[in-house]
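Student: build me a model:
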Amino acid sequence: MLPEVEAWLRGRTSSSDDWPLPWLLEAKRDTTVSVVLPARDEGETVGEIVAAIRHDLMETVPLVDELVVIDSRSTDDTATRATRAGARVVAQDEILGDLKPMDGKGEALWKSLAVTSGDLLVFIDADLREFRTSFVTGLLGPLFGDPGVVYVKGCYDRPLQNVQNGGGRVTELVARPLLNLHWPPLAGFVQPLAGEYAGRRSVLERVPFVTGYGVELGLLIDLLELAGLDALAQVDLGERVHSHQSTEALGGMASQILQTAWSRLERQNKMISLHTPSRRLAQFRRGPSGHHPTVRDVAVAERPPMITVPGYHSRATD
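Tutor: Residues are numbered from 1 along each chain as shown. From the prediction side, this is the model:
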């Protein structure tokens, strides 16, 4: 690792236990906090997560000011369960309705900027099992602790079939090699694709959001360029338990992450592109007569910095 990365690891990596709730409440002062859950067909888990945050961090203590679920065209009872548990639920396609709708988790995250008001935003995936509100408090700690920190990623163990670090296959096979090759200052992030992270509105509204599965990688790279490594931090949240995707589904995610990296390499003049990458992914499934190809579109779309969108009024105070 680069010496600057080793120094960053020592100075910008903490644990959720390092940020006790009484300290956070004192440090909060007049800073407002919004927690956002992007959710699509997560009726089995979203209610429990919302209920825990509302009870522990809104009703018991006033740490979180706003709890919003962005419903991404769910066909199950995600919206109903989230509402009953105490969240404000907003349909993704109803936000900035004059814009052509796009698909993907990143679209929900980007649009959440337009319907929330917090100075700090905490993003939590809605498929977590055995959720603990220390995920939220841990991510807020470095932001309250140092005004120079603008973005905090969660890191954790991801067990898969009783293998402690068996999860995160796309991280280890795609994202980590890409970062080490082309953005070595980011090599110290344990979980660069973590779905749990927090940031200052004043910074998040100034970077583009990839609408699909490349959103986490894109944010990390763009915020490094915008704010520098020392403005980024990570917090050990312990263990993350969730449902895992099939290898076929991970292939689609990997394709979008590779395209996200490609666009950043071009934008930052790290390479000269001599062709346009294909937006189609062919995969194979065995049938009665052998292997049959399935081809799907894995194109990556991108939303511009929210601050540039007509009608958006920045609520940032820092």
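
Student: hmm, residue 65 is touching residue 31, no?
Tutor: No - at 9.0 Å, residue 65 and residue 31 do not qualify as touching, with contact defined as C-beta atoms under 8 Å. No exception for glycine: its C-beta is placed from N, CA and C like everyone else's.

Student: contacts only, for the closest residue to residue 270 other than its chain neighbours.
Tutor: Using C-beta to C-beta, 6 or more residues apart in numbering and skipping residues adjacent in sequence, the residue nearest residue 270 is residue 182, 6.0 Å away. Contact analysis of residue 182 by C-beta atoms under 8 Å, 6 or more residues apart in numbering lists 261, 265, 270.

Student: what mean pLDDT does stretch 207-226 get?
Tutor: Mean pLDDT, stretch 207-226: 97.

Student: would you put the C-alpha positions of it in PDB?
Tutor: Extracted in PDB, the C-alpha atoms of stretch 207-226 (Å, rounded to 0.1, in the frame of the first residue of the first chain):
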ATOM      1  CA  VAL A 207     -21.300  14.600  -7.500                       C
ATOM      2  CA  PRO A 208     -23.100  12.500 -10.200                       C
ATOM      3  CA  PHE A 209     -24.900   9.300  -9.200                       C
ATOM      4  CA  VAL A 210     -24.700   6.200 -11.400                       C
ATOM      5  CA  THR A 211     -28.200   4.900 -11.400                       C
ATOM      6  CA  GLY A 212     -27.400   1.200 -11.300                       C
ATOM      7  CA  TYR A 213     -25.100  -1.100  -9.300                       C
ATOM      8  CA  GLY A 214     -22.000   1.100 -10.000                       C
ATOM      9  CA  VAL A 215     -23.300   3.800  -7.700                       C
ATOM     10  CA  GLU A 216     -21.000   2.900  -4.700                       C
ATOM     11  CA  LEU A 217     -17.900   2.700  -6.800                       C
ATOM     12  CA  GLY A 218     -18.700   5.900  -8.700                       C
ATOM     13  CA  LEU A 219     -19.300   7.800  -5.500                       C
ATOM     14  CA  LEU A 220     -16.100   6.700  -3.900                       C
ATOM     15  CA  ILE A 221     -14.000   7.600  -7.000                       C
ATOM     16  CA  ASP A 222     -15.800  10.900  -7.500                       C
ATOM     17  CA  LEU A 223     -15.600  12.000  -3.900                       C
ATOM     18  CA  LEU A 224     -11.900  11.100  -3.800                       C
ATOM     19  CA  GLU A 225     -11.400  13.500  -6.700                       C
ATOM     20  CA  LEU A 226     -13.600  16.200  -5.200                       C
END
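
Student: in it, what's buried?
Tutor: 207-224 (16 or more other C-beta atoms under 10 Å).

Student: can you pull the contacts of the residue nearest in space to the middle of the chain?
Tutor: By C-alpha atoms, centre = their mean, the mean C-alpha position of the chain lies nearest to residue 195, the distance being 3.8 Å. For residue 195, the contacting residues are 105, 123, 124, 125, 216, by C-beta under 8 Å, 6+ apart.

Student: and the gap between residue 169 and residue 260?
Tutor: Distance check for residue 169 against residue 260: by C-beta to C-beta, to the nearest Å, it reads 17 Å.

Student: what about these two, which has more around it?
Tutor: residue 260 (26 against 16; other C-beta atoms under 10 Å).

Student: how about that one: what's its closest non-neighbour residue?
Tutor: Using C-beta to C-beta, 6+ apart, the closest residue to residue 260 is residue 214 (2.9 Å).

Student: likewise for residue 101?
Tutor: Per C-beta to C-beta, 6+ apart, closest to residue 101 is residue 93, 4.8 Å.

Student: quick one: secondary structure of the one you found?
Tutor: Three-state assignment for residue 93 (DSSP: H, G, I helix; E, B strand; the rest coil): helix.

Student: count the neighbours of it for me.
Tutor: Close neighbours of residue 93, defined as other C-beta under 10 Å, add up to 15.

Student: likewise residue 178?
Tutor: 20.

Student: which residues of the stretch 51-200 of the chain fall in helices?
Tutor: Listed in chain order, the helices found in the stretch 51-200 of the chain under DSSP state H, counting those that start in this stretch are 78-85, 105-115, 134-145, 169-170, 176-182.

Student: closest to residue 275 out of those helices?
Tutor: Nearest to residue 275 among these is helix 176-182 (18.3 Å), distances taken as C-beta to C-beta.

Student: just the buried positions in the closest one, please.
Tutor: The neighbour-count check on helix 176-182 (16+ other C-beta under 10 Å) flags 176, 178, 179 as buried.

Student: may I have it as PDB, with CA atoms only?
Tutor: C-alpha atoms of helix 176-182 as PDB (Å, rounded to 0.1, in the frame of the first residue of the first chain):
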ATOM      1  CA  ARG A 176     -10.800  -4.200  -5.400                       C
ATOM      2  CA  PRO A 177      -8.600  -5.000  -8.300                       C
ATOM      3  CA  LEU A 178      -9.900  -2.000 -10.200                       C
ATOM      4  CA  LEU A 179      -9.200   0.400  -7.300                       C
ATOM      5  CA  ASN A 180      -5.800  -1.000  -6.700                       C
ATOM      6  CA  LEU A 181      -4.900  -0.700 -10.300                       C
ATOM      7  CA  HIS A 182      -6.300   2.700 -11.100                       C
END
